[in-house]
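Asker: Fold the stuff below for me.
(one chain, ligands or ions: 1)
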Amino acid sequence: MLGNKRILLIIGGGIAAYKDLILIRRLRGRGAAVQAVLTKAAEQFVTPLAVASLTENKVYTDLFNLTDESEMGHIQLSRSADLLVVAPATADLMAKMANGQADDLASTTLLATDTPVLIAPAMNVRMWEHPATKRNLAALRSDGVIVVGPEQGDMACGEYGYGRMSEPEAIVAAIEAFFATEADRPLAGYKVLVTAGPTHEPIDPVRYIANRSSGQQGYAIAAASQRLGAETVLISGPTTLVPPPGVTVRRIETAQQMLDACEAELPCDVGIFAAAVADWRVDNASSQKIKKQNGALPGLQLVENPDILRTIAHLQNRRPRLVVGFAAETQDVITNARRKLETKGCDWIVANDVSPATGIMGGPNNAVHLVTAQGVEDWPDLPKGEVGLRLMQRVADALRTAA
Ligand code: CTP
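Answerer: Got it, this is the predicted structure:
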């Protein structure tokens, strides 16, 4: 999505600079050309050699380097880019930018251009919360600078709070959103609900019934939905996955909580039910940890969970326009999927064979069949991200045709 885009990456002097190496790889992987400027302090954290190797471009570090100036003057450097990305944007760099200071190559480059600028701040939490930084941030925003992050979490300095630089994936998503045109966002204006992951059904306070779902496919669908412009809500069972940037995540544990969370998000235009919902829950779950007694565990009484897909697909007034279910099968994939299309009352079923030999459950790829009233399409074995994108593009086509 970033083919032909030229990005000038200005690397500030903070420990988060190490993430820039991944950021460069991700940008290049999407077709962008990257040139980099390192501040003096940044050179303490990443080497110009590492940055040059990954950008496959000369790295600029010094305002007064004669060779650099004769090859590409600092004024030209920023003007030949489509976007300037400052990552990490340290408190010092932000202060310089907000005040128009220009005392090194990075700050001079930033001042000498009207090319749009995106910053990914990273600093200690106290520095981030300092009134001076807040003033600078407000000034930068009003100058039209796009701000990504920072995130909350543990910091390299041992403290906790806001100040961690956003992950490379989030920065790339913001860069893609900046370059996205109307045609790249066919789902703009639509709300999409996605369920993902397993559910956990408690047996007692420390034990639960679960399944092998990793949530990857649902998360990939939510990421694709957001990327194509939809307001996207992901109702997620317990997973270890990082939520896709820009997606609203509602975390739940049980099937009943997942249903409640889905209903709370209605109305929406599209519902995609990719979660591996537990079919049963323990009716007589214990409020205390069950202790070992002589011999076997006294019987667990299982009762059926609500069917979220079926419930939402049968709503009278608030049914989403397009309801997509999944069918994870280990035999008779298409026959079972067709049956589910009818019994669940959904518009499409994405069916796949999850027999252990396929490696789909928990693996990086998926081979699915799209089953609709019109017929069956067999999709090739693709990375789950590609399946998500292809599915959401089909959703966008369907909405456009129906409009
Ligand atoms: N589903 C749901 N709520 C449930 C069970 C399933 O919303 N309680 C949804 C899943 O998210 C999926 C579809 O129904 O989109 C089919 O799930 P699957 O587990 O394949 O089917 P089941 O209905 O559970 O049928 P079975 O286990 O008998 O194959």
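Asker: Quick check: the residue lying closest to residue 239 once chain neighbours are set aside vs the ligand, distance?
Answerer: Leaving aside its sequence neighbours, residue 239 sits nearest to residue 215 (Cβ to Cβ, 6 or more residues apart in numbering; 3.7 Å). C-betas here are computed from N, CA, C, even on glycine. For residue 215, the distance to the ligand (Cβ to the nearest ligand atom, to the nearest Å) stands at 12 Å.
Asker: Repeat that for residue 294.
Answerer: For residue 294, the distance to the ligand equals 35 Å [Cβ to the nearest ligand atom].
Asker: Hmm, residue 58 and residue 48 touching each other?
Answerer: No. Contact criterion Cβ atoms under 8 Å: residue 48 and residue 58 do not qualify, at 9.2 Å.
Asker: picking up where we left off before, enumerate every residue touching the residue nearest to residue 239.
Answerer: 196, 197, 198, 236, 237, 239, 241, 275 (Cβ atoms under 8 Å, 6 or more residues apart in numbering).
Asker: Next up, phi/psi of it, please.
Answerer: phi 90, psi 0 (degrees, to the nearest 10).
Asker: Next to the ligand, which bits of this protein? Give me the list.
Answerer: Proximity of the chain to the ligand (Cβ under 6 Å from any ligand atom) is limited to residues 195, 255, 273, 275, 277, 279, 305, 307-309, 325-328, 340, 344.
Asker: which among those end up buried?
Answerer: 195, 255, 273, 275, 277, 305, 307-309, 325-328, 340, 344 (16 or more other Cβ atoms under 10 Å).
Asker: Name the helix or strand for the residue nearest the centre of the chain, please.
Answerer: Among the residues of the chain, the one closest to the centroid is residue 244, at 1.5 Å (Cα atoms, centre = their mean). Residue 244 belongs to no helix or strand when assigned by DSSP states H and E.
Asker: separation between it and residue 36?
Answerer: Remark: distance between residue 244 and residue 36 (Cβ to Cβ, to the nearest Å) = 26 Å.
Asker: Over to residue 145?
Answerer: Where residue 36 is concerned, residue 145 sits at a distance of 19 Å (Cβ to Cβ).
Asker: outside of stretch 62-71, which residues touch it?
Answerer: So stretch 62-71 is contacted by 58, 60, 74, 104, 105, 108 (Cβ under 8 Å, 6+ apart).
Asker: Strands of the stretch 101-250 of the chain, start to end?
Answerer: 117-121, 146-147, 151-154, 160-164, 191-196, 201-204, 207-209, 231-236, 248-251 (DSSP state E, counting those that start in this stretch).
Asker: Out of these, which one sits most buried?
Answerer: Highest mean neighbour count among the strands of the stretch 101-250 of the chain (mean count of other Cβ atoms under 10 Å): strand 191-196, with a mean of 28.
Asker: which residues touch that strand?
Answerer: For strand 191-196, the surrounding residues in contact (Cβ under 8 Å, 6+ apart) are 215, 217-219, 221-222, 225, 230-237, 239, 258, 262, 265-275, 277, 308, 320, 392, 395.
Asker: Backbone dihedrals for residue 334, please?
Answerer: phi -70, psi -40.
Asker: Give the full set of residues in contact with it.
Answerer: Counting by Cβ under 8 Å, 6+ apart, residue 334 makes contact with 351, 369, 371, 376.
Asker: list the buried ones in the helix or strand hosting residue 262?
Answerer: In this assignment (DSSP H and E), residue 262 forms part of helix 255-264. Residues 255, 257, 258, 259, 260, 261, 262 are the ones in helix 255-264 that count as buried (16+ other Cβ under 10 Å).
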